[in-house]
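Peer 1: no FASTA, just this:
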């Protein structure tokens, strides 16, 4: 009788699995939002964006394809991504979106760990870059080179303004 009662009380519907999946997606979204907000607040996100190797035309220590393929970038932002996601079996990509001089929306991959699943979540943070922002080495040390005189992947769309450009940093997270 107890088993029959327990089965009648437990509601198993076709949506039960998707409810659990939605809960996991909400947790991943909140974690990604937290990583981006914290990295933006303490400027490690901007420092990661500015860790640019002009001669290689890619992020410092990136793969031959120009992005990080084994985890986050080798800086504080990458450490936060790895600690929050990679060490828990959660994959992530980081994309940077910017406008070209013709007004087209372009994408530069910063981290590419694979193709997202159907249950991937996306979080975006806007970052304003200024003409006097300095490029960085991977250890976070600023170089003498500023964006206004650098060969950077984001173009300076308004040379008359001290705003160099506005980018959107997108973190895509999914369970492996």
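Peer 2: Sure, I can see it. This is a predicted model, so every value here is computed, not measured. Numbers count the residues shown, from 1 in each chain.
Peer 1: Have a look at this protein and report its longest strand.
Peer 2: Looking across the chain with DSSP state E, the single longest strand is strand 163-175.
Peer 1: Now do the buried residues in that one.
Peer 2: Residues 164, 165, 167, 169, 170, 171, 172, 173, 174, 175 are the ones in strand 163-175 that count as buried (16 or more other Cβ atoms under 10 Å). (C-beta placed from N, C-alpha, C; glycine too.)
Peer 1: Tell me where the model's unsure across the chain.
Peer 2: Scanning the chain for pLDDT under 70 picks out 1-21, 23.
Peer 1: At which residues are the helices of it located?
Peer 2: With DSSP state H as the criterion, the chain has helices at 2-9, 16-41, 44-49, 76-84.
Peer 1: Go ahead and confirm residue 114 touches residue 91.
Peer 2: Yes: assessed by Cβ atoms under 8 Å, residue 114 is found in contact with residue 91 at 5.5 Å.
Peer 1: Looking at these two, which is more packed in?
Peer 2: The neighbour count for residue 114 versus residue 91, taken as other Cβ atoms under 10 Å, is higher for residue 91 (19 against 11).
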